[in-house]
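Novice: Predicted model and sequence follow; I will ask about them next.
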Amino acid sequence: MKICSPELPTGATVEVIILLESLPQQSEKSLTSFIGSAKGSFTTPEEVDKFIRQERDVWEF
């Protein structure tokens, strides 16, 4: 992007701030909505218990 302004000397380093008049609507999700959404995650406490039980069964000799 090129910005031209007669107040600026050629080659001057400046800071440009862009302000948007309105932002697109974003869905407001709570952090808890992300629980279980990642690969390998558990969606319920029951799934966690089942997994732990299975792992303990493998460890038992």
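Specialist: Here it is on my side, so go on.
Novice: From now on I want contacts and neighbour counts done on CA atoms only, so please keep to that.
Specialist: Will do.
Novice: Where does Glu46 sit, in terms of helix or strand?
Specialist: Per DSSP states H and E, Glu46 falls inside helix 45-59.
Novice: tell me how far that helix is from the chain's mean position?
Specialist: 29 Å (CA atoms, centre = their mean, to the nearest Å).
Novice: Then stretch 21-39?
Specialist: With CA atoms, centre = their mean, you get 8 Å for stretch 21-39.
Novice: hey, C-alpha coordinates of that stretch in PDB?
Specialist: Taking C-alpha atoms only, stretch 21-39 is exported to PDB below (Å, rounded to 0.1, in the frame of the first residue of the first chain):
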ATOM      1  CA  GLU A  21     -16.000   2.600  10.900                       C
ATOM      2  CA  SER A  22     -17.800  -0.600  11.700                       C
ATOM      3  CA  LEU A  23     -16.500  -4.100  12.300                       C
ATOM      4  CA  PRO A  24     -18.200  -7.200  10.800                       C
ATOM      5  CA  GLN A  25     -20.300  -9.000  13.400                       C
ATOM      6  CA  GLN A  26     -18.400 -11.800  15.100                       C
ATOM      7  CA  SER A  27     -20.100 -14.600  16.900                       C
ATOM      8  CA  GLU A  28     -19.500 -14.300  20.600                       C
ATOM      9  CA  LYS A  29     -18.400 -17.700  21.800                       C
ATOM     10  CA  SER A  30     -17.700 -18.500  25.300                       C
ATOM     11  CA  LEU A  31     -14.400 -20.200  26.200                       C
ATOM     12  CA  THR A  32     -16.400 -23.300  27.300                       C
ATOM     13  CA  SER A  33     -17.700 -23.700  23.700                       C
ATOM     14  CA  PHE A  34     -14.100 -24.700  22.700                       C
ATOM     15  CA  ILE A  35     -14.000 -27.700  25.100                       C
ATOM     16  CA  GLY A  36     -13.700 -30.900  23.100                       C
ATOM     17  CA  SER A  37     -13.400 -29.100  19.800                       C
ATOM     18  CA  ALA A  38      -9.700 -29.800  19.200                       C
ATOM     19  CA  LYS A  39      -8.400 -33.000  17.700                       C
END
